[in-house]
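# build the 3D model from these lines:
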Amino acid sequence: MTVPADLTHEDYGGHHGPRKGLLRWVTTTNHKDIGTLYLWFSLIMLFVGGAMAMIIRAELFQPGLQLVNPDFFNQMTTMHALVMIFGAVMPAFVGLANWMIPLMIGAPDMALPRLNNWSFWILPFAGTLLLSSLFVEGGAPAGGWTMYPPLVLQTGAAFPMLIFSVHLLGISSIMGSINIIATIMNLRAPGMGYMKMPLFVWTWFITAFLLIATMPVLAGAVTMLLTDKYFGTSFFNAAGGGDPVMFQHIFWFFGHPEVYILILPAFGIASQIIPTFARKPLFGYKSMVYATASIAVLSFIVWSHHMFTVGLPVGAELFFMVSTMLIAIPTGVKVFNWVATMWRGSMTFETPMLFAIGFIVLFTIGGFSGLMLAIAPADFQYQDSYFVVAHFHYVLVPGAVFSIMAASYYWLPKWTGHMYDEKLGKLHFWLSAIFVNLVFFPQHFLGLAGMPRRIPDYAVQFADFNMISSIGAMGFGLSQLLFAYIVIKTVRGGAKASDEVWEGAQGLEWTLSSPPPYHSFSVQPVIR
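Numbers count the residues shown, from 1 in each chain. Below you'll find the predicted structure:
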């Protein structure tokens with residue numbers, strides 16, 4: 001039976017003809033389709049998690065209890081974090097990996113297409129299970145996204161739903177990572193050695209190893225929580241000889257590499273976009289690869305900097321303080337290389353470049369506040385204050401989320417064949433950049449003044465900064481509706497994208513982020 005030329009193998013359903021409609025999306029093993037599914041799922045979860053953040057900020061608009069009871073407020077802080085990390089940011093990066101890695105390395109598809117389909121379709125069920133916990137008796141978990149005992153063990157019927165959801169999310173991540181590693185190791189085009197791969201491929205290659213190493217640690221920790229609650233064990237119960245601090249050690253051994261899982265692909269995206277709009281090859285390709293690998297290795301030996309106040313020995317505090325500061329070196333190398341790439345380049349400022357520059361500037365602010373938190377004696381003042389909230393949101397919102405938006409604008413013409421509306425894209429950037437600083441910058445001052453996080457009420461002296469922060473949050477949240485509108489408008493039609501989408505980039509998108517030809521920027525390098 002011959003397949004018509006205009007149908008791909010993927011679209012073709014054997015003897016039953018081409019797959020159409022919903023069946024096509026459920027059964028697809030095409031890396032582009034699956035990448036698209038991940039990205040749409042991520043966008044939906046961004047708005048779900050964002051709505052939760054707006055409930056939190058609406059409650060904190062002024063002192064006193066206005067909208068929600070304290071239990072529901074704590075449920076919102078817990079669910080917001082879990083939805084944003086496991087539902088929005090990670091699936092978005094996996095979606096970008098699915099779309100772009102095969103194209104970048106010259107592979108026909110991902111190495112394990114059916115596994116790819118399965119790893120996506122676990123996600124909607126895991127996400128639904130997590131969100132359903134809001135509707136069961138006793139409400140959703142209220143122990144924070146870190147799920148610290150004994151607090152999280154007070155959760156009612158929603159507790160096993162939380163644990164099972166985390167297991168499913170972990171399985172999905174591990175399967176996706178296995179697929180990415182198998183693809184990069186086995187399906188590179190002839191002549192493409194490891195040190196010729198684009199930086200986005202490198203950052204995901206390293207991220208995938210981090211995921212495989214850390215997700216089982218989280219699975220073990222939450223399984224021990226489950227047996228403590230229902231099977232009479234005492235891993236974390238002091239009354240039975242356990243230790244709740246042990247949970248923190250296990251959790252953060254997963255949790256700190258997880259932070260880098262959320263940011264390393266963003267580094268790869270910035271390393272693709274900046275050379276294109278600076279019209280220069282990436283400065284220091286090899287040092288970027290080694291810096292990424294260094295960050296990944298060091299991320300495993302810094303977990304206790306989240307725990308300076310639990311009563312660690314002074315020697316341990318010193319070790320974790322110094323090792324945390326050490327991570328600033330490879331991160332600084334990356335920032336230097338991006339700035340050096342832009343230096344004396346023929347720069348233009350299309351929307352992807354604006355988001356990439358916004359990412360570098362604001363992520364660097366998050367890096368500096370991270371260095372402040374790494375100083376053990378000072379951390380006793382900052383711990384569990386709004387300063388910590390400001391720090392990690394500067395890393396994850398203008399860091400991870402801005403980079404995902406930069407990538408979306410950068411590759412939308414390649415994905416859809418249509419050009420997005422540049423004026424609306426720039427408006428989206430400026431609204432996002434202004435409001436994101438309005439939300440999170442005042443929180444540094446709140447934290448330094450002593451306002452603790454995860455509380456629904458506060459003393460009157462914190463009122464002004466909280467009001468500014470809440471106005472910023474509403475503005476930032478509503479600005480993302482513009483992003484959804486731009487994406488949908490582009491998918492549905494618009495100006496046709498040319499073969500060389502970014503004018504003046506000379507079709508060098510892939511080669512600019514790989515080692516350059518040393519003689520002339522206008523000549524494609526010969527891969528030997």
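
# how close does V314 get to F236?
25 Å (C-beta to C-beta, to the nearest Å). (Glycine included, C-beta is placed from N, CA and C.)

# same drill for the two, tell me which one is more crowded.
F236 (24 against 8; other C-beta atoms under 10 Å).

# where does that one sit: helix, strand or coil?
coil (DSSP: H, G, I helix; E, B strand; the rest coil).

# name the nearest residue to it, ignoring sequence neighbours.
P149 (4.2 Å; C-beta to C-beta, 6 or more residues apart in numbering).

# and A316, by the same measure?
S304 (6.4 Å).

# what's the pLDDT at the one you found?
Looking at S304, its pLDDT stands at 95.

# rewinding a little: part of a helix, is the residue nearest to F236?
No: counting by three-state DSSP, P149 is not part of a helix but coil.

# may I ask you to confirm that it is in contact with L225?
Yes: at 6.2 Å, P149 counts as touching L225 under the criterion of C-beta atoms under 8 Å.

# give the residues shared as contacts by those two.
236, 247 (C-beta atoms under 8 Å, 6 or more residues apart in numbering).

# picking that back up, now the phi/psi pair for the residue nearest to A316, please.
phi -80, psi 0 (degrees, to the nearest 10).

# same check, this time on K496
phi -70, psi 130.

# spatially nearest residue to F72, not counting backbone neighbours?
F72 sits nearest to G139 (C-beta to C-beta, 6+ apart), 6.8 Å away.

# so which helix or strand takes in that neighbour?
Counting by DSSP states H and E, G139 is held by no secondary-structure element, helix or strand.

# any chance you could map the helices in the stretch 201-350 of the chain?
244-261, 264-278, 285-298, 314-342 (DSSP state H, counting those that start in this stretch).

# end to end on stretch 186-202, go ahead and measure it.
One end of stretch 186-202 to the other measures 14 Å (C-alpha to C-alpha, to the nearest Å).

# how about that stretch: buried residues?
187-188, 192, 196-202 (16 or more other C-beta atoms under 10 Å).

# out of those residues, flag the one nearest to N74.
F200 (37.6 Å; C-beta to C-beta).

# before we move on, back to that, so which of the helices of the stretch 201-350 of the chain comes closest to F359?
Closest among these, using C-beta to C-beta: helix 264-278, at 5.8 Å.

# so which elements touch the closest one?
helix 90-105, helix 199-230, helix 285-298, helix 314-342, helix 351-374, helix 402-416, helix 509-512 (3 or more C-beta pairs under 8 Å, 6 or more residues apart in numbering; DSSP states H and E).

# angle of that helix against helix 402-416?
Counting by axes from the mean of the first three to the mean of the last three C-alpha atoms, to 10 degrees, helix 264-278 points 60 degrees away from the direction of helix 402-416.

# okay, the angle between helix 264-278 and helix 244-261?
Using the same axes, to 10 degrees: helix 264-278 against helix 244-261 is 20 degrees.

# can you give me the angle helix 264-278 makes with helix 351-374?
140 degrees.

# for the record, mean pLDDT for helix 264-278?
Rounded mean pLDDT across helix 264-278 is 96.

# tell me which residues in it are buried?
264-278.

# which one of the residues you listed is nearest G447?
A266 (24.2 Å).

# follow-up on the earlier one: the residue nearest to F72 touches G156, doesn't it?
Yes: taking contacts as C-beta under 8 Å, G139 lies within contact range of G156: 7.2 Å.

# cheers, nothing more for now.
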